[in-house]
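[1] let me see the structure of the following:
(one chain, ligands or ions: 1)
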Amino acid sequence: MARVALVTGGTRGIGAAVSQALQTAGYRVAATYAGNAEAAKAFMSRTGISSYQWDIGDFDACAIGVKSVESSLGPIDVLVNNAGIVRDATLHKMSRTQWDAVIRTNLDGAFNMCRQVIDGMRARRYGRIINISSINGQKGQFGQTNYSAAKAGELGFTRALALETARLGITVNAICPGYIHTEMLDAVPRDVLENSILPQIPVGRLGRPEEIARAVVFLAAEDAGFITGSTMSINGGQYMI
Ligand code: CAA
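    Prediction:
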């Protein structure tokens, strides 16, 4: 029986590419989305991947959502914590609302989702958790104290959980994408992108969502059992660590 994979924020951007790559690799895939029902509907009819709407920042909604995915598709063996938002502003202009929104979705979301699947993974002695962090959690980014803090937090979370689950057949890894060509980049002013970000990418272009997806499929594989607690940087050479 095919394993079940759940991808948060799985109907758009990097998440959509991840959902599709896992489907192609033979997984039964569920994709969550927060609010863009139109995009989710288009994604579902294009791919046949079932989509579920809930807010990953809401612990109880995650509990209900995961139960509903598991009752339709079966136990979740692969969790990809991909959903994320940006609310960029320099700290001296950042509101408490912008801070809270990013921490809640990007960091609380990883806890809320892992907490729902961890008991099942422990009981079955198998699991693959892949957290999509960011280059900006590794190096920091002007205008992103909230996002960089959440994404760096996700890296600590990944390593701590990897230790807790290492003997149980569960791996926990992080991927740090650099600047990838998705709608999220629409929030970056064009002049900042062209004059300040692109020149810092040695490969000379933005990444493609599929270039992140192939790494997720690699880490999700059954024979990737010795890779845990790792951070994979996929950033066109922009930050080498
Ligand atoms: N480095 C140094 N100085 C910078 C700078 C930078 N990267 N960006 C702006 N500045 C300077 C400006 O030139 C300006 O200087 P002057 O006052 O001397 O003219 C000053 O900082 C502006 O500061 P403000 O506080 O007034 O900032 P602002 O209100 O103009 O907005 C910003 C700044 C919101 C940070 C805007 O530049 C921005 O959106 N930058 C992009 C941030 C970014 O990279 N986000 C990534 C989103 S994609 C993503 O997050 C996905 C992923 O994982 C990679």
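
[2] quick one: the residue nearest to Gly9 when sequence neighbours are not counted from Asn195, how far?
    Leaving aside its sequence neighbours, Gly9 sits nearest to Ala83 (C-beta to C-beta, 6 or more residues apart in numbering; 3.0 Å). Bear in mind the C-beta positions are built from the backbone N, C-alpha and C, glycine included. Distance of Ala83 to Asn195, given as C-beta to C-beta, to the nearest Å: 30 Å.

[3] between those two, which has more neighbouring residues?
    Legend: neighbour count by other C-beta atoms under 10 Å for Ala83 and Asn195, higher for Ala83 (27 against 10).

[4] just the pLDDT for that one.
    Ala83 carries a pLDDT value of 97.

[5] equivalent analysis for Arg167, please.
    98.

[6] how deep is it tucked in, by neighbour count?
    Neighbour number of Arg167 under other C-beta under 10 Å is 8.

[7] again with Thr228
    Thr228, neighbours per other C-beta under 10 Å, totals 20.

[8] hang on, it in a helix?
    No - checked against DSSP: H, G, I helix; E, B strand; the rest coil, Thr228 lies outside a helix; its state is coil.

[9] identify the bridge partners of the closest residue to it other than its chain neighbours.
    Leaving aside its sequence neighbours, Thr228 sits nearest to Thr171 (C-beta to C-beta, 6+ apart; 4.0 Å). On the basis of DSSP bridges, Thr171 is bridged to Arg128.

[10] residue contacts, Thr171?
    By C-beta atoms under 8 Å, 6 or more residues apart in numbering, the residues touching Thr171 are 127-129, 162, 165, 219, 224-225, 227-228.

[11] and of the residues you listed, the nearest to the ligand?
    If you rank the contacts of Thr171 by distance to the ligand using C-beta to the nearest ligand atom, Leu219 comes first, at 18.0 Å.

[12] next one: phi and psi at the closest one?
    Main-chain dihedrals, Leu219, degrees, to the nearest 10: phi -70, psi -30.

[13] that one contacts Ile234, doesn't it?
    No - applying C-beta atoms under 8 Å as the test, Leu219 and Ile234 come out as separate, 11.5 Å apart.

[14] joint contacts of these two?
    Joint contacts of Leu219 and Ile234 (C-beta under 8 Å, 6+ apart) are Ile175.

[15] out of these two, which sits in the more crowded spot?
    Between Leu219 and Ile234, counted using other C-beta under 10 Å, the more crowded position is Leu219 (21 against 16).

[16] what about the worst-scoring helix or strand of the chain on mean pLDDT, near the ligand?
    In the chain, the helix or strand scored least confidently by mean pLDDT, DSSP states H and E is helix 190-192, which has a mean of 93. Yes - judged by C-beta under 6 Å from any ligand atom, helix 190-192 comes into contact with the ligand at Val192.
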